[in-house]
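Novice: next one to model:
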Amino acid sequence: MFKCLEGVLKNLESIRAAFVWGSNETNKKRVWIKWLNLMASLEKGGLNVGSIKAFNISLIQKWRWRLNIASDSLWAPVVSSIYGSDGGVFNQSSRGKSVWTNITTSIRDMHSKNIIPLLTLRKRVRNGNTTKFWKDNWIGEARLSDRFNCLAHLDTNTDFLVCDRFINGSWSWDWIRNELGSCNTASFSTMLTELSNVSLGDQYDIWYWSIASDGSFAVNSTISHVDNVMLPSLSPAMFWCKVIPQKVNVSMWRLGVDRLPTRLNLSVRGLEINSISCPVCSSNVESQDHIFFCGEVTDHVWFKIRR
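Specialist: Take a look at the predicted model:
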């Protein structure tokens, strides 16, 4: 429910990294790859470990999803009555600090950093019976009340539903004054153009989470999205074979990013060794290219494999 502090996240990730590398307080192991790179997805060249921060962000976003989906539960109407129908997500609450304002502040922060935009959650209008015309995300790049603010304030009821204004295949309006004014008339014309393709059916309106392929919120897919936005990419991404053992896949991945403990790599990382020459041929530096591709013994091995 709470946004985890950066210092806490850093300590938790340090514990995870130490476990992976087999380190403890008395025995520090050599770290071959940055933990950020390990957490990245397979498509970005990582090991798809995932970050705790993405998990925390996903759980916070889940509260926004539940507020709209579980509107008949006991807590959702209470939150809506205190902070507004959108739960205070779009507008900063003036009610001071609370558990819920911490959640909405985190959601707006993710929007400002373009991690999870507010429009990720929007309404798909079908019959218009549960979608608020002005206040819900259902058409365009923002709520109509934000894009056509003056028109929204000229309406006699800003809480009306889409079906209340779409009657017999055309839009019906109820303004607080007869003349809208030249500027508002131009805005009204723009809005009507945007609404010209809207048509209503018989099915119920649904909330849609654009990150997920099926439109339904899932913590796992949201974690993957957040990690893909925040974590770095390694080049190139490796193809993972499900047939061979996982440890073989990991070894091949380390080969691809040149992080195997060859004598050359150990020397580069400050480990004092007597020689960096290959112990087999003694004529070349023991690098991963020499071991796997260029060595004399390697050539014989690949020749027998090809046969």
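Novice: quick one, domains of this protein?
Specialist: Listed domain ranges for the chain are 6-31+52-116, 126-204, 260-306 (source: automatic domain parsing).
Novice: just name the shakiest helix or strand of this structure by mean pLDDT.
Specialist: Within the chain, no helix or strand scores below helix 296-306, which has a mean of 81 by mean pLDDT, DSSP states H and E.
Novice: what comes up buried for that one?
Specialist: residue 298 (16 or more other Cβ atoms under 10 Å). C-beta here means a position set from N, CA and C on the backbone, and glycine is covered the same way.
Novice: what packs against it?
Specialist: Helix 296-306 is packed against no helix or strand, with contacts defined by 3 or more Cβ pairs under 8 Å, 6 or more residues apart in numbering; DSSP states H and E.
Novice: so what's residue 173 up against?
Specialist: By Cβ atoms under 8 Å, 6 or more residues apart in numbering, residue 173 lies in contact with 155, 165.
Novice: so for stretch 117-127, what's the average pLDDT?
Specialist: For stretch 117-127, mean pLDDT rounds to 91.
Novice: residue 217 is nearest to which of the domains of the chain?
Specialist: Closest approach to residue 217 among the domains of the chain (Cβ to Cβ): domain 6-31+52-116, 4.1 Å.
Novice: quick check: end-to-end length of the closest one?
Specialist: One end of domain 6-31+52-116 to the other measures 18 Å (Cα to Cα, to the nearest Å).
Novice: and for stretch 140-160?
Specialist: End-to-end for stretch 140-160, by Cα to Cα: 18 Å.
Novice: hmm, back to that, make JSON lines from the domains of the chain and add distance to residue 216 to it.
Specialist: Putting these into JSON lines (distance: least, Cβ to Cβ, whole Å) gives the following:
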{"stretch": "domain 6-31+52-116", "distance to residue 216": "9"}
{"stretch": "domain 126-204", "distance to residue 216": "15"}
{"stretch": "domain 260-306", "distance to residue 216": "42"}
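Novice: the ones you listed: which one's closest to residue 223?
Specialist: domain 6-31+52-116 (4.5 Å).
Novice: mind listing what's buried in stretch 22-41?
Specialist: Using 16+ other Cβ under 10 Å as the test for burial, stretch 22-41 gives 33, 35-41.
Novice: give me the residues contacting that stretch.
Specialist: With Cβ under 8 Å, 6+ apart as the test, stretch 22-41 has contacts from 13, 16-18, 20-21, 45-51, 224, 227-228, 231-234, 254, 257, 259, 261, 269, 271.
Novice: repeat that for stretch 249-266.
Specialist: Outside stretch 249-266, the residues that touch it by Cβ under 8 Å, 6+ apart are 30, 32-33, 37, 45, 47, 234, 236, 238, 240-241, 273, 275-278, 285-288, 291-292.
Novice: next: stretch 62-70.
Specialist: Residues outside stretch 62-70 that contact it (Cβ under 8 Å, 6+ apart): 1, 73, 76, 79-80, 87, 89, 103, 107, 121, 207, 209, 217, 219, 222.
Novice: list buried residues within those residues.
Specialist: With burial judged by 16+ other Cβ under 10 Å, the buried subset of those is 76, 79-80, 87, 89, 103, 107, 121, 207, 209, 217, 222.
Novice: which one of those residues is nearest to residue 113?
Specialist: The closest of the buried ones among the contacts of stretch 62-70 to residue 113 turns out to be residue 107 (Cβ to Cβ; 11.2 Å).
Novice: next structured bit after the strand or helix carrying the closest one?
Specialist: Per DSSP states H and E: residue 107 is located in helix 99-112. The first helix or strand that comes after helix 99-112 along the chain, using DSSP H and E, is strand 121-124.
Novice: please name the strands paired to that following strand in the sheet, noting orientation.
Specialist: Sheet pairing of strand 121-124 (DSSP bridges) gives strand 206-209 (antiparallel).
Novice: quick one: buried residues of stretch 145-158?
Specialist: Across stretch 145-158, burial judged by 16+ other Cβ under 10 Å covers 145, 147-148, 151-152, 154-155.
Novice: and if you look at stretch 70-88?
Specialist: Of all the residues in stretch 70-88, those buried under the rule 16+ other Cβ under 10 Å are 76, 79-80, 83, 85-88.
Novice: about what we covered before: sort out for me which of the buried residues of stretch 22-41 are in helices.
Specialist: 35-39 (DSSP state H).
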